[in-house]
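In: Predicted coordinates and the sequence they were generated for:
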Amino acid sequence: MSAAETAGGDRLVDRVRTELARGAPDAAFDRVATAQIAQRSSGLVVDSLSIAELSGALAAEFSGAGVLQPLLERPGTTDVLVNGAEQVWVDDGSGLTRAEVRFSTQEAVRALACRLAASCGRRLDDSSPFVDAVLADGTRLHAVLPPVAAVPTLSLRIVARRRWRLGDLDAAGMMAPGVADLLRACVGARLSLLLSGGTGTGKTTLLAALLAEAGPRERIVTIEDARELAVDHPHVVSLVTRSANIERSGAIDLAELVRQSLRMRADRVVVGEFRGAEMIELLAALNTGHAGGAATVHANSTRDVPSRLVALAALGGMPADVLQAQTASAIELLVHLRRAGSGLREVSEIALAPQPGEAPGANLVWSMADGPGPRARALRRLLRERGRQDDTVPELLS
């Protein structure tokens, strides 16, 4: 689209906005009526197909994500990132690529960010220049305005539209041969799992697929900052945190939700991501009979998980030695994900939870690079103890 066409489109949108403002402010959005206003405002005479196209574009502008809406609706999109008017990036599951979409001005980016924030009941302006919120469809919104950022910046993370099963991820190439069978056995044995990896490596997707393998009579309670876990299971209860209101009161954090979940007759308690004090609450729960729980954490490898947990536990006032003792009995299996050079997400390491005094790497069960590790037999014995017979213990551990 040329600069002239973009400017003309912006003028048309302004005219329609002005025309709508003269009507009932609480009227429902009517695509055809809005398109007809656009015809009158622009002097265009269009047929019904053009009306549909025009009304769709205006709907995106007034009630959707504007020029970003087609990217958000594109199958496979997980993230859309905007670094000012000239840079829009999209991740379709294979890594970030530059999109052809552009904004006409920096003010247009700011206007979209403010409108999206307002739709969530959140404030975004000079006095409150950043926001973290969830849109009506579940999309996670983060926005930052100047002068905190050099240009208006948006990050949109799309909630999973598909409920993945472990077999789907295996077929998609996320796992080496035998890994899916091993993970399925670990879920069946009710091992407590901690998934690690960087941003966008598929931790939430894999966690949802693993939870789908739980027995159909089990009750799963998930706890998240934003509802992202799409679990194909008949009995899932989702709890989501709440931010403070404009008076800075009414916040409900992850730690409080973990405490509430313990009164909900949960068979498995799941925290979408460890970020701080809620880790202490979940470790306590896993040490008091709630086997089979799970969580995710940002880390570079299974070796880095212990130090990452120490740092997070410190936020809740838990000393490192107490954390190690709690972790050793509460978290049983570590699963690490990474992005390969091609951008493909893959399970790269599986390890037992490290024991106090254990050398780094000595807890490795399996790695993409080296195959079975020094603790492969230990996991095999653990699975047998949990009722997994020889014919169901994966050959990956042999």
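Out: Yep, it's here. Residues are numbered from 1 along each chain as shown.

In: Need phi/psi at the nearest residue to Ala230 once chain neighbours are set aside.
Out: Closest residue in space to Ala230, ignoring its immediate chain neighbours: Ala160 at 4.1 Å, by CB to CB, 6 or more residues apart in numbering. C-beta coordinates here come from the backbone N, C-alpha and C atoms, glycine included. In terms of degrees, to the nearest 10, the main-chain angles of Ala160 are phi -60, psi 130.

In: and if you look at Asp170?
Out: Dihedral pair for Asp170: phi -60, psi -50, per degrees, to the nearest 10.

In: what secondary structure does the nearest residue to it once chain neighbours are set aside sit in?
Out: In this structure, Asp170 finds its nearest non-sequential neighbour in Ala180, 4.0 Å apart by CB to CB, 6+ apart. When classified by DSSP: H, G, I helix; E, B strand; the rest coil, Ala180 comes out as helix.

In: and the gap between Ala180 and Leu135?
Out: For Ala180, the distance to Leu135 equals 33 Å [CB to CB, to the nearest Å].

In: who's more crowded, the two?
Out: In this view Ala180 and Leu135 are compared by other CB atoms under 10 Å, and Ala180 has more residues nearby, 24 against 19.

In: surely that one meets Leu166?
Out: Yes - counting by CB atoms under 8 Å, Leu166 is a contact partner of Ala180 at 5.1 Å.

In: Could you tell me the end-to-end distance of stretch 372-379?
Out: End-to-end distance for stretch 372-379, by CA to CA, to the nearest Å: 11 Å.

In: Return the distance of that stretch from the chain's centre.
Out: 31 Å (CA atoms, centre = their mean, to the nearest Å).

In: residue ranges for the helices of the stretch 201-350 of the chain, please.
Out: Using DSSP state H, counting those that start in this stretch, the helices of the stretch 201-350 of the chain run over 203-211, 254-261, 278-286, 305-315, 320-330.

In: Buried residues in stretch 89-104, which are they?
Out: Using 16 or more other CB atoms under 10 Å as the test for burial, stretch 89-104 gives 89-91, 93, 99, 101, 103-104.

In: Could you tell me which of those belong to strands?
Out: Cross-referencing those against strands under DSSP state E gives 89-91.

In: hang on, the earlier thing: can you lay out the helices of the stretch 201-350 of the chain as TSV showing mean neighbour count and distance to Pro147?
Out: Shown next, in TSV, are the helices of the stretch 201-350 of the chain (neighbours: other CB atoms under 10 Å; distance: least, CB to CB, whole Å):
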stretch	mean neighbour count	distance to Pro147
helix 203-211	24	33
helix 254-261	20	31
helix 278-286	23	33
helix 305-315	18	29
helix 320-330	17	39
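
In: Just put the ones you listed in CSV and tack on mean pLDDT and distance to Pro354.
Out: Shown next, in CSV, are the helices of the stretch 201-350 of the chain (pLDDT from 0 to 100; distance: least, CB to CB, whole Å):
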stretch, mean pLDDT, distance to Pro354
helix 203-211, 95, 19
helix 254-261, 90, 23
helix 278-286, 82, 14
helix 305-315, 88, 5
helix 320-330, 84, 8
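
In: want to throw these into TSV with distance to Ala226?
Out: Converted to TSV, the helices of the stretch 201-350 of the chain look like this (distance: least, CB to CB, whole Å):
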stretch	distance to Ala226
helix 203-211	10
helix 254-261	11
helix 278-286	15
helix 305-315	19
helix 320-330	25
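
In: Of all the ones you listed, which one is nearest Gly361?
Out: With CB to CB as the criterion, Gly361 lies closest to helix 305-315 of the helices of the stretch 201-350 of the chain, at 11.4 Å.

In: Could you quantify the relative orientation of that closest one and helix 278-286 as an angle?
Out: With axes from the mean of the first three to the mean of the last three CA atoms, to 10 degrees as the basis, helix 305-315 and helix 278-286 are set at 110 degrees to each other.

In: Might you calculate how far helix 305-315 sits from the centre of the chain?
Out: Distance of helix 305-315 from the chain centroid (CA atoms, centre = their mean) equals 21 Å.

In: Please name every helix or strand in contact with it.
Out: Secondary-structure packing of helix 305-315 (3 or more CB pairs under 8 Å, 6 or more residues apart in numbering; DSSP states H and E): strand 193-197, helix 278-286, strand 294-298, helix 320-330.

In: what packs against the second one?
Out: This points to helix 278-286. Helix 278-286 makes packing contacts with helix 254-261, strand 268-271, helix 305-315, helix 320-330 when contacts are defined by 3+ CB pairs under 8 Å, 6+ apart.

In: How about the first one?
Out: Other elements packing on strand 193-197 under the criterion 3+ CB pairs under 8 Å, 6+ apart are helix 203-211, strand 294-298, helix 305-315, strand 333-339.

In: Ok, which of those comes nearest Ala284?
Out: Nearest to Ala284, of all the helices and strands packed on strand 193-197, is helix 305-315, at 11.8 Å by CB to CB.
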